[in-house]
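> A predicted structure for the sequence below; I have some questions about it.
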Number of protein chains: 4
Amino acid sequence: MASVNKVILVGNLGKDPEVRHLEGGLAVARFPIATSESFKDKNGQKQERTEWHNIVVWRNLAEVAEKYLKKGQSVYIEGKIRTNSYQDKEGIQRYTTEIVADNLTMLGGRTDAGANNGNPETASSNAGGRSEAPAFEGEPDDLPF
Amino acid sequence: MASVNKVILVGNLGKDPEVRHLEGGLAVARFPIATSESFKDKNGQKQERTEWHNIVVWRNLAEVAEKYLKKGQSVYIEGKIRTNSYQDKEGIQRYTTEIVADNLTMLGGRTDAGANNGNPETASSNAGGRSEAPAFEGEPDDLPF
Amino acid sequence: MASVNKVILVGNLGKDPEVRHLEGGLAVARFPIATSESFKDKNGQKQERTEWHNIVVWRNLAEVAEKYLKKGQSVYIEGKIRTNSYQDKEGIQRYTTEIVADNLTMLGGRTDAGANNGNPETASSNAGGRSEAPAFEGEPDDLPF
Amino acid sequence: MASVNKVILVGNLGKDPEVRHLEGGLAVARFPIATSESFKDKNGQKQERTEWHNIVVWRNLAEVAEKYLKKGQSVYIEGKIRTNSYQDKEGIQRYTTEIVADNLTMLGGRTDAGANNGNPETASSNAGGRSEAPAFEGEPDDLPF
DNA sequence: TTTT
DNA sequence: TTTT
């Protein structure tokens, strides 16, 4: 196999996270983040292009997102690309791409972005749940090696 | 803006690259690569999921792709996520996501994958063209600092 | 060859950058940044470990560091690991490890950290100099593909 | 805090891993990997510089390293930088830097590199042990989201 | 549509 | 020597 699918983003939330709780209590949160880059067009004019990324987080990271992330905030995200397919109403195969994040660090953001601004923290998510206490809550989640 | 949009992939080409030469000689190549991951389903059965990524490379990296990359080969890719929008024939806004690669390293692959197998190399692309001689050709492209 | 040497850091400057201008006008800046992680020790007590990284930047990135980076600020850095060897006065081979950064994004930091706080920007460095106008200055540095 | 300490390497093992089993059965393996880059010196001559990285892996990743990694093999590694300090016999503070890997994917390597050549796989390590069965053994280690 |  |  020998494959790697890794995404690293630093950007700002375009909306507050939307959280759903599935059967069994499984939590999932979704939110868009924007990244921007500048470039010169062929006339030498400065242009900016904004990319929107649909972020999905599960389990304790979803709880963290629900509690602490707000529109406008800046976040560091690690995750993987996932493309889902579906059929539209004409029966044509369509695709949507999202970033499934497994690591999230708040970096601050707009000064009115919410209570957590100025108190950035890190959180991690694992399928098996590495810790009952979310790393985000200030609980250590790992040995230093 | 303080933003980062970075993708790192290791995967196998699903097809040979398709190369086009635009007006002015600008080259662009496209090819799909697959990444895979294993997981257990709810019945404890091992499952595999394959993700397909549409890779786009420009300029000298496109020339490299044309000459050296073949279906089946394994590559390391660095790039960024780019989502393009278009209207389908019903006038509905649709999106396609691709990875614009700016760094590419061949890692080998199937033993019949092509001439370059067993001689993996690295290539880089820059908007301004850092070097006439593509790094891939064996020319050094950078000072060691 | 087929090798990759890539480092991604988000941390705070422990000191203002120290800048030197070599013969020919080549600029180099150095500064330490700290990253921290929490973990539980064997008694279940929360501990924090701080890692210090010696960052080196060349050319226009060094100019950017000199002008805009200050002790306390938070930065995103991409670069590579480089270990230099030297002989100490007893003639024993010693090693020092540093991170040669080729990409730098300011993320803010302490509110008194300097003039640029609240106005984070991105800068890139290339051996060949991709652009006379540093990206950091607000000039676009790249086409969007 | 808001910090990130992430390293991504693709390189070749310079030696077979050395494995130790600590009290309590905790396993740790160490091995060096080389990354190389080409550059032109001031006379326009092609030069190559090789960087050596000391890799440390713990727990099930150490078992994987012991069983499957051999000198010459190519590996993809994700981890973090860790600098340890100690006093030399003259009482001077010295530092050593290593990469603590938490993710490892075999990419092949020299054709005589060992039994696993041609059968690259991925393994992950977690402080809490995400799975009794190491991912490497062919057991799925994660849900696909 | 790849690879194992 | 930073930051929380």
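The structure has been received and is ready for your questions.

> so the residue sitting furthest away from the middle of chain A, which of the three states?
Here the centre of chain A is the reference, and by Cα atoms, centre = their mean the most remote residue is residue A:43, at 35.5 Å. For residue A:43, the assignment made with DSSP: H, G, I helix; E, B strand; the rest coil gives coil.

> and the strands in chain A, which stretches?
Here chain A has its strands, by DSSP state E, at A:4-13, A:18-21, A:27-40, A:46-58, A:73-87, A:93-109, A:122-124.

> quick check, the fourth one touching chain B?
What that stands for is strand A:46-58. Yes. Applying Cβ under 8 Å from any Cβ of the partner chain, one finds strand A:46-58 in contact with chain B at A:51-53. Every residue, glycine included, has its C-beta placed from N, CA and C.

> what about stretch A:64-84, average pLDDT?
For stretch A:64-84, mean pLDDT is 96.

> who are the neighbours in contact with residue A:93?
The neighbourhood of residue A:93, defined by Cβ atoms under 8 Å, 6 or more residues apart in numbering or on different chains, consists of A:85-87.

> low-confidence ranges in chain A?
For chain A, residues meeting the criterion pLDDT under 70 lie at A:1, A:109-122, A:124-145.

> try it again with 90
Along chain A, the model assigns pLDDT under 90 to residues A:1-2, A:38-39, A:42, A:87-93, A:108-145.

> give me the most central residue, it.
With distances taken as Cα atoms, centre = their mean, residue A:55 lies nearest the centre of chain A, 4.0 Å away.

> is that one bridged to anything, and to what?
Counting by DSSP bridges, residue A:55 forms beta bridges with residue A:31, residue A:99.

> right, and it touches residue A:97 too?
No. Contact between residue A:55 and residue A:97 fails when scored by Cβ atoms under 8 Å: they sit 11.4 Å apart.

> might you enumerate the residues of chain A proximal to chain B?
By Cβ under 8 Å from any Cβ, the part of chain A that sits against chain B consists of A:1-12, A:34-37, A:39, A:51-53, A:74, A:76, A:80-83, A:90, A:94-97, A:99, A:107, A:127.

> quote the end-to-end distance of stretch A:82-97.
Using Cα to Cα, to the nearest Å, the end-to-end distance of stretch A:82-97 comes to 6 Å.

> do that stretch and DNA strand E come into contact?
No. Using Cβ under 7 Å from any atom of the strand, we find that stretch A:82-97 stays clear of DNA strand E, coming within 8.6 Å at best.

> tell me which residues of that stretch come out buried.
A:82, A:97 (16 or more other Cβ atoms under 10 Å in any protein chain shown).

> residue A:29 is in contact with residue A:62, isn't it?
Yes. Counting by Cβ under 8 Å, residue A:29 touches residue A:62, with 3.9 Å between them.

> hey, what's in contact with both of the two?
Shared contacts of residue A:29 and residue A:62 (Cβ under 8 Å, 6+ apart): A:17, A:19.

> surely residue A:74 is in contact with residue A:107?
Yes. Counting by Cβ under 8 Å, residue A:107 is a contact partner of residue A:74 at 4.2 Å.

> give the residues shared as contacts by these two.
Any residue near both residue A:74 and residue A:107 by Cβ under 8 Å, 6+ apart counts here, and that gives A:10, B:2, C:107.

> DNA strand E: which of the residues you listed is nearest?
Set against DNA strand E, the nearest of the shared contacts of residue A:74 and residue A:107 by Cβ to the nearest atom of the strand is residue A:10 (28.7 Å).

> who touches the closest one in this structure?
So residue A:10 contacts A:35, A:74-77, A:107, B:2-4, C:76, C:105, C:107 (Cβ under 8 Å, 6+ apart).

> the same query, at a cut-off of 7 Å, please.
Counting by Cβ atoms under 7 Å, 6 or more residues apart in numbering or on different chains, residue A:10 touches A:74, A:76, A:107, B:2-4, C:76, C:105.

> cool, residue A:48 as well?
Counted by Cβ under 7 Å, 6+ apart, residue A:48 has contacts A:36, A:38.

> returning to that earlier point: of the residues of strand A:46-58 next to chain B, buried ones?
Of the residues of strand A:46-58 next to chain B, these count as buried by 16+ other Cβ under 10 Å: A:51, A:53.

> TSV for the shared contacts of residue A:74 and residue A:107, including distance to residue B:23?
Shown next, in TSV, are the shared contacts of residue A:74 and residue A:107 (distance: Cβ to Cβ, whole Å):
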residue	distance to residue B:23
A:10	35
B:2	36
C:107	40
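
> in CSV: the contacts of residue A:10, plus distance to residue B:19.
Converted to CSV, the contacts of residue A:10 look like this (distance: Cβ to Cβ, whole Å):
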residue, distance to residue B:19
A:74, 38
A:76, 36
A:107, 39
B:2, 36
B:3, 31
B:4, 29
C:76, 34
C:105, 33
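
> wait, isn't residue A:35 in contact with residue B:7?
No. Using Cβ atoms under 7 Å, residue A:35 is not in contact with residue B:7; the gap is 11.5 Å.

> which non-adjacent residue is nearest residue A:63?
Excluding the flanking residues, the one nearest residue A:63 by Cβ to Cβ, 6 or more residues apart in numbering or on different chains is residue A:27, at 5.7 Å.

> surely the one you found and residue A:61 touch.
No. Using Cβ under 7 Å, residue A:27 is not in contact with residue A:61, being 8.7 Å away.

> more neighbours: which of those two?
Neighbours were tallied for residue A:27 and for residue A:61 using other Cβ atoms under 10 Å in any protein chain shown; the higher tally belongs to residue A:61 (28 against 18).

> for stretch A:73-87, which outside residues touch it?
A:5-13, A:33, A:55, A:69, A:93-109, A:113-114, B:2, B:51-53, C:10, D:4.

> hang on, the earlier thing: contacting residues around the residue nearest to residue A:63?
Contacts for residue A:27 (Cβ under 7 Å, 6+ apart) come out as A:19, A:21, A:58-59, A:62-63.

> bridged to residue A:7, which residues?
residue A:79, residue B:7.

> from memory it sits against residue A:99, does it?
Yes. Counting by Cβ under 7 Å, residue A:7 touches residue A:99, with 5.4 Å between them.

> rewinding a little: may I see the ChimeraX selection of the buried members of the contacts of residue A:10?
Selection of the buried residues among these in ChimeraX, burial being defined by 16+ other Cβ under 10 Å:
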select /A:74,76,107 /B:2,3,4 /C:76,105
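
> circling back to that earlier point, any idea how far the residue farthest from the centre of chain A lies from chain B?
Counting by Cβ to the nearest Cβ, to the nearest Å, the gap from residue A:43 to chain B is 15 Å.

> residue A:36 versus that residue, what's the distance?
20 Å (Cβ to Cβ, to the nearest Å).

> now residue A:85
29 Å.

> repeat that for residue A:12.
With distances taken as Cβ to Cβ, residue A:12 is found 9 Å from residue A:36.

> quick one, which of those two is more surrounded?
Neighbours per residue, other Cβ under 10 Å: of residue A:12 and residue A:36, the larger number sits with residue A:12, 22 against 15.

> my guess is the more buried one meets residue A:72, correct?
Yes. The criterion here is Cβ under 7 Å, and residue A:12 meets it with residue A:72 at 6.0 Å.

> rebuild the shared contacts of residue A:74 and residue A:107 as JSON lines, extending it with distance to DNA strand E.
Shown next, in JSON lines, are the shared contacts of residue A:74 and residue A:107 (distance: Cβ to the nearest atom of the strand, whole Å):
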{"residue": "A:10", "distance to DNA strand E": "29"}
{"residue": "B:2", "distance to DNA strand E": "34"}
{"residue": "C:107", "distance to DNA strand E": "36"}
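
> residue C:123: which of those is nearest?
Nearest to residue C:123 among the shared contacts of residue A:74 and residue A:107 is residue B:2, at 11.3 Å by Cβ to Cβ.

> many thanks, have a good one.
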